[in-house]
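K.L.:
predicted structure and sequence below. I'll ask about it afterward.
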Amino acid sequence: MNEITSRHLINIVKYRIVWLCISAILLLPGVVALVYSTIHNENHIPLKVGIDYTGGTILQYGVNKNVTNADMSKTRTDLEKIGIENPSIQILHANAESSKNSDLKSIISIKTKFIGEDKDTVNKITITQIPILFP
């Protein structure tokens, strides 16, 4: 019985150089990709991080109409007029389950740089968006 099991075992310690080379070959493309993205990324960060790590503010508005691309481009230009640099705007469509009890059809999510406790900026954004979203 010992003879059968000893034939099928892989002697890892004996061939440790082979296993280390295989590990290095598998790790090398990942390290090269991290170095490449660090060099070519505008912030020199190897991985793109979310708003949780970069900081910022997310404002979400629920509307009772379907938002068109024209509404979205008007929203972007209006936000840039009041001083919000490069806002990221997404339209989230409400699903049928969540909108059974309400007439909510779309959710507009606006991601900006960190606004903080500056209520004037939030009020400007809200006042700017109300005529577009709620005609």
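P.N.:
Perfect, I can see it now.
K.L.:
now the helices: where do they sit in the protein?
P.N.:
Counting by DSSP state H, the chain has helices at residues 2-8, 16-40, 51-54, 69-81, 119-133.
K.L.:
domain boundaries for the protein, per the record?
P.N.:
2-40, 51-133 (automatic domain parsing).
K.L.:
which positions in the first one come out as buried?
P.N.:
Okay, so that is domain 2-40. Across domain 2-40, burial judged by 16 or more other CB atoms under 10 Å covers no residue at all. In short, each C-beta sits where N, CA and C put it, glycine included.
K.L.:
number the residues from 59 up from this point.
P.N.:
Sure, I'll start numbering at 59, so the last one becomes domain 60-98.
K.L.:
by mean pLDDT, flag the weakest helix or strand of the protein.
P.N.:
Using mean pLDDT, DSSP states H and E, the weakest-scoring helix or strand in the chain turns out to be helix 60-66, at a mean of 60.
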